[in-house]
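In: need coordinates for the following:
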Amino acid sequence: MASATYIQTFKGSFTTVPVDPTKDNAISTAEFLEATESLTTMFDLLGSVAFSPVKKDMLGNVEKIRKRFLAAPLESQNLQDLVRNEIKSKSHVATEGMVWLVRGLEFTCIALTQNVAKPTEELADSFRGAYGTTLKPHHSFLIKPVFSAAMSACPYRKDFYTKLGEDENKVQEELKEYLTALENIVTILKEFLASKDAQWK
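Out: Okay, the predicted model is just below:
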């Protein structure tokens, strides 16, 4: 019997995060945070030292959202309500955290989706391309070199995929399903965060 793939070991997965189409695609907060924390462990496979700032940044934003969730659980059951209610209370710490977190998730999603789609492309190239269209336009000149260093330190493609599981076909299949679910959630959140409901300025 083949051993579990890396994605199967995740405590939470975007493939199982509840999205309610009857409530404007409301995304369940608790499961989303758990899935995001699980995703950040993937950065350890990419080289824990170089990618630690990326992981730290994403987990810091998870904590901002979780803090609001725990402070007002009844009005934060889904991410969209969490944002609406936080803004009504004249605060935007969690909302701003979500804006940055969604950028980080999109960066990861685009990089890995592109890498899966292009079997000869190295991870460093996929992550560099994704960085340029997601996080880079929002980063200061002090932060950009930190992220550039992480891109350059990506492991070789074959080494990364070996860490994800023994059965290459199974890994690819699971990764595609996972990334499709993540892309759907990122798209919903980007659209919501651009709406008037999510503006605090």
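
In: low-confidence bits of this protein, can you list those?
Out: Counting by pLDDT under 70, the chain contains low-confidence ranges at 1-2, 48.

In: again, only using 80
Out: 1-3, 47-50, 147, 201 (pLDDT under 80).

In: how about the strands in it?
Out: Assignment of strands within the chain using DSSP state E yields the ranges 19-20, 26-27.

In: out of these, deepest packed?
Out: Compared across those, strand 26-27 shows the largest average neighbour count, a mean of 20 (mean count of other CB atoms under 10 Å). Glycine gets a C-beta too; all of them are placed from N, C-alpha and C.

In: neighbouring strands for that one, and are they parallel or not?
Out: strand 19-20 (antiparallel) (DSSP bridges).

In: need the strands of the chain in JSON lines (columns: distance to Cys109).
Out: Listed next are these as JSON lines, based on distance: least, CB to CB, whole Å:
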{"stretch": "strand 19-20", "distance to Cys109": "16"}
{"stretch": "strand 26-27", "distance to Cys109": "15"}
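
In: which stretch among those strands comes nearest Asn184?
Out: Among the strands of the chain, strand 19-20 comes nearest to Asn184, with 7.3 Å by CB to CB.

In: quick one: that closest one to chain centroid distance?
Out: How far strand 19-20 lies from its chain's middle: 18 Å, per CA atoms, centre = their mean, to the nearest Å.

In: could you do stretch 167-174 as well?
Out: Worked out by CA atoms, centre = their mean, stretch 167-174 lies 20 Å from the chain centre.

In: do stretch 183-190 as well
Out: 10 Å.

In: which positions within that stretch qualify as buried?
Out: Buried residues in stretch 183-190, counted by 16 or more other CB atoms under 10 Å: 183-186, 188-189.

In: now those as TSV including distance to Glu168?
Out: Converted to TSV, the buried residues of stretch 183-190 look like this (distance: CB to CB, whole Å):
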residue	distance to Glu168
Glu183	22
Asn184	25
Ile185	26
Val186	26
Ile188	31
Leu189	31
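
In: looking at these, which are in helices?
Out: When DSSP state H is applied, the buried residues of stretch 183-190 are split such that 183-186, 188-189 fall in helices.

In: quick check, nearest of those residues to Asp197?
Out: Nearest to Asp197 among those, with distances taken as CB to CB, is Leu189, at 12.1 Å.

In: so the closest one sits against Val102, correct?
Out: Yes. In this structure, Leu189 is within contact of Val102 by CB atoms under 8 Å, at 4.8 Å.

In: and stretch 120-140, how far out from the chain middle?
Out: Relative to its chain's centre, stretch 120-140 lies at 14 Å (CA atoms, centre = their mean).
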